[in-house]
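**Student:** Any chance you could fold what I've pasted below:
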Amino acid sequence: MTEITDFINNDIKPLRITDSVSDAQDLFADYPFSHFPVLEEGIYIGSARSEDMELMDIEKTMADLRFGFDRFFVRDNALWLDVLEVFAKNETNLLPVLDKDNKYLGYYEITDIITFFHETPFLKEDGGIIVVEKGVNDYSMSQAAQIVESNNGRLLGLFISEANMEKVQITLKISLGGMSEILQTFRRYNYNIITEHQEDAYLNTLKDRSDYLDKYLNI
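**Tutor:** Here you go, the predicted structure:
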């Protein structure tokens, strides 16, 4: 499988602290980026925002605006889920990449990372997705994995998809194994099933019809 670092891009050189607002405006006019990195003597000092550049005096330089830069980045050893998280938290479509010594290596574009995500087994392989929920102090990722595997399921991936002060939701993608048995085991361990799997829906339909038949026979 392709490594995420294969998507580090250097096609467009970063802005320099001595570049003018006019230079930045030209860059953002040519490319649909929300942000772009700015370097001072080769060191990353932050990312200029496209919408900010539209409002600035074109004679000003990046040095004049440095205290307004966003300072998000990822390391070159960051996992792809961490990379997606930084993209989402900063509402950006471009993410600077630094090494452990803070050397600027290039940038990730969100479209490339989404492409990478689609190549992972979590999305690429066939399987069923379920979402389970439990108290924030009671859930266990290892227990969730064990429940799947103890029912002969093969876990393709799992992650915390939602969380608050009280509850945590875990999304799992599963291939093989009996989904009904997996869901029943989650219930025995007091997990709330958020998704309605087809097999679950089928059982609910049978129950509804059985209840209807009982009522009919008792008339």
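
**Student:** just the strands in the chain please.
**Tutor:** Ranges of strands within the chain are 15-16, 35-40, 43-49, 74-75, 94-98, 104-109, 128-135, 154-163, 167-175, 192-193, based on DSSP state E.

**Student:** for the second one, which positions count as buried?
**Tutor:** Neighbour counts using 16 or more other C-beta atoms under 10 Å place 35, 36, 37, 38, 39 of strand 35-40 among the buried residues. All C-beta atoms are positioned from the backbone trio N, CA, C, and that covers glycine.

**Student:** Could you do the third one as well?
**Tutor:** By 16+ other C-beta under 10 Å, the buried positions in strand 43-49 come out as 44, 45, 46, 47, 48, 49.

**Student:** out of everything not next to it in sequence, what's closest to residue 99?
**Tutor:** Distances taken as C-beta to C-beta, 6 or more residues apart in numbering put residue 76 closest to residue 99, at 5.2 Å, once the chain neighbours are dropped.

**Student:** now the one you found: how far from residue 97?
**Tutor:** Per C-beta to C-beta, to the nearest Å, residue 76 is found 5 Å from residue 97.

**Student:** Now the common contact residues for these two.
**Tutor:** 5, 8, 105 (C-beta atoms under 8 Å, 6 or more residues apart in numbering).

**Student:** can you pull the pLDDT of the first one?
**Tutor:** Residue 5 is assigned a predicted lDDT (pLDDT) of 92.

**Student:** who's in contact with it?
**Tutor:** Here residue 5 is in contact with 76, 97 (C-beta under 8 Å, 6+ apart).

**Student:** Also the second one?
**Tutor:** Residue 8 sits next to 76, 97, 105, 106, 107, 108 when contact means C-beta under 8 Å, 6+ apart.

**Student:** which of those count as buried?
**Tutor:** Buried among the contacts of residue 8 (16+ other C-beta under 10 Å): 97, 105, 106, 107, 108.

**Student:** follow-up on the earlier one: would you list the strands of the chain in CSV and tack on mean pLDDT and distance to residue 67?
**Tutor:** CSV is the format used below for these (pLDDT from 0 to 100; distance: least, C-beta to C-beta, whole Å):
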stretch, mean pLDDT, distance to residue 67
strand 15-16, 97, 15
strand 35-40, 97, 12
strand 43-49, 96, 9
strand 74-75, 96, 22
strand 94-98, 97, 18
strand 104-109, 97, 19
strand 128-135, 90, 42
strand 154-163, 84, 33
strand 167-175, 89, 38
strand 192-193, 92, 47
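
**Student:** Would you mind putting those into TSV with distance to residue 182 alongside?
**Tutor:** Shown next, in TSV, are those (distance: least, C-beta to C-beta, whole Å):
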stretch	distance to residue 182
strand 15-16	51
strand 35-40	42
strand 43-49	44
strand 74-75	34
strand 94-98	36
strand 104-109	35
strand 128-135	7
strand 154-163	10
strand 167-175	7
strand 192-193	10
